[in-house]
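Asker: Test case, fold it:
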Amino acid sequence: MTRIQNPLTSSSSDPQHHIVPGGHGYAFEVQKDTSFRIIDLHGRQIVDLMAWVAPYTPCGEHLSMSYTRYTLGGTAPPAIGECLVTNKQEPIFRLTADACHTHDMTFMACNPAFYAAMGLPGHRNCAENIAEAMQPFGMRSYLEATSVDPFNVFQNTPDMSLKDLGCSRPGDFVELEVLKDAIVAVSSCPYDVVWISSFRSLLILSNADFWFEFESDF
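Answerer: So this is what the prediction gives:
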């Protein structure tokens, strides 16, 4: 059993949590003025995160890495207190806690063509994971997901010469304050061609201002 204490002030709200199996996706709604947390249960698991301002439409307002890079003035991930922004250049999430401090804002989501080019047709991939999870919200094709570059949580692309691409430790987490009503989709990245992701489960918590505990899925 692992217990983590939120560094923020505790709340009486009950946690809502979901374990995302390794190599799969999950989508969930969040409301303005709440928060959610993504936790790497086992370490070295990269997470592709996308989000759309609710309600979802294929051409609607969404989390944008290019606009975020412009707003932050570079490719370095946000520091605590800084925001991720949308394609309307408006804040959608504020980073409020970060145990890893290593994330990527430059790489696309892995997709069917990405694996087919390596001789691996049919390999699970983040674009289809997210499209599958977003079906109840109206997404019809993985191509709708590939039009949005993800925030790659726990991915060490800019500094891979200094430490592993997947460098998060068991229990590492990020916490995001929600600034717009949104639909969030995540993929526990299934890339296993070289050692980057551990292909293991994640824990997602919303209204994350509390104590919580979880068990390994082994």
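Asker: Now the residue nearest the centre of the chain: closest residue in space that isn't a chain neighbour?
Answerer: Residue closest to the average C-alpha location in the chain (CA atoms, centre = their mean): Leu49, at 2.9 Å. In space, Leu49 comes closest to Phe151 once its chain neighbours are excluded; the distance is 4.5 Å by CB to CB, 6 or more residues apart in numbering. C-beta coordinates here come from the backbone N, C-alpha and C atoms, glycine included.
Asker: which ones are touching the one you found?
Answerer: Applying CB atoms under 8 Å, 6 or more residues apart in numbering, one finds that Phe151 lies in contact with 48-50, 63, 65, 68, 84, 103-105.
Asker: Equivalent analysis for Ala51, please.
Answerer: 62-63, 92-93, 182-185.
Asker: Let's see which of these end up in helices.
Answerer: Using DSSP state H, no member of the contacts of Ala51 falls in helices.
Asker: out of these, which one sits closest to His123?
Answerer: Checking those against His123 by CB to CB gives Ala185 as the nearest, at 19.1 Å.
Asker: ok, that closest one - contacts?
Answerer: 25-27, 49-51, 130, 133-134, 145.
Asker: What separation do you get for it and Leu63?
Answerer: Counting by CB to CB, to the nearest Å, the gap from Ala185 to Leu63 is 10 Å.
Asker: Give me the common contacts of the two.
Answerer: Common neighbours of Ala185 and Leu63 (CB under 8 Å, 6+ apart) are 49-51.
Asker: Dump these to a markdown table, plus distance to Thr57 and pLDDT.
Answerer: As requested, these are arranged in a markdown table below (distance: CB to CB, whole Å; pLDDT from 0 to 100):
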| residue | distance to Thr57 | pLDDT |
| --- | --- | --- |
| Leu49 | 19 | 97 |
| Met50 | 14 | 98 |
| Ala51 | 13 | 98 |
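Asker: Distance to Pro78 added to those, as a markdown table?
Answerer: Formatted as a markdown table, the shared contacts of Ala185 and Leu63 follow (distance: CB to CB, whole Å):
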| residue | distance to Pro78 |
| --- | --- |
| Leu49 | 12 |
| Met50 | 16 |
| Ala51 | 14 |
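Asker: Pick the one among those closest to Cys126.
Answerer: Nearest member of the shared contacts of Ala185 and Leu63 to Cys126, counting by CB to CB, is Met50, at 9.0 Å.
Asker: Quickly list what the closest one is bridged to.
Answerer: Ala185 (DSSP bridges).
Asker: Tell me how many other residues crowd it.
Answerer: Using other CB atoms under 10 Å, Met50 has 28 neighbouring residues.
Asker: In stretch 64-84, which residues are buried?
Answerer: In terms of neighbour count (16 or more other CB atoms under 10 Å), stretch 64-84 has its buried residues at 64-65, 67-69, 71-72, 77-78, 82-84.
Asker: my guess is Asp48 contacts Glu128, does it?
Answerer: No. Assessed by CB atoms under 8 Å, Asp48 is found out of contact with Glu128, at 11.3 Å.
Asker: For these two, work out which one has more neighbours and name it.
Answerer: Asp48 (30 against 21).
Asker: Next secondary structure after the helix or strand hosting that one?
Answerer: According to DSSP states H and E, Asp48 maps onto strand 47-53. Later in the chain than strand 47-53, the nearest helix or strand by DSSP H and E is helix 65-72.
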